[in-house]
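J.: have a look; sequence and predicted model below, questions after that.
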Amino acid sequence: LLGRIAAVVVCMACLFQTGQLIDMRNGTLRVVTILEAPFTMKEETANGSHKYKGFCVDMINELSRMLKFDYDLYEVPDRTYGALRDDGTWSGMVGELVNDRAD
């Protein structure tokens, strides 16, 4: 339960910038994820496409509904959370955020 509360706090903190709530109504966020059960999992549908499910997907769906924004969810290309490289750049999900490929 504490981990879930922490995840919600982190997500809510992401909605704030310089102490003010970011107005996301009618906007589309680019959301990066990593496959990690039970938080984000990919399920193949009957028609051969896929959909995401899990705790984080449920949370972003609920935030999207409450705050009236759309989002595009994508998997981090290198399948890592992120680490600082020798050249000073970041890999993984952190790199996606730092390089403005994800919100």
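T.: Nice, thanks for sending it over.

J.: chain center to stretch 79-96: distance?
T.: Relative to the chain's own centre, stretch 79-96 is displaced by 16 Å; criterion: Cα atoms, centre = their mean, to the nearest Å.

J.: list the buried residues of stretch 27-39.
T.: By 16 or more other Cβ atoms under 10 Å, the buried positions in stretch 27-39 come out as 29, 31, 32, 33, 34, 39. In this view, the C-beta of every residue, glycine as well, is placed from N, C-alpha and C.

J.: neighbours of residue 90, just the number please.
T.: Residues within reach of residue 90, counting by other Cβ atoms under 10 Å, total 16.

J.: that one bridge partners, please.
T.: With DSSP bridges as the criterion, residue 90 is bridged to residue 84.

J.: what's in contact with stretch 88-101?
T.: Contacts with stretch 88-101, where a contact means Cβ atoms under 8 Å, 6 or more residues apart in numbering, come from 30, 32-34, 76, 78-85, 102-103.

J.: I'd like the average pLDDT over stretch 83-98.
T.: What stretch 83-98 shows for mean pLDDT is 96.

J.: that one: end-to-end distance?
T.: Using Cα to Cα, to the nearest Å, the end-to-end distance of stretch 83-98 comes out at 12 Å.
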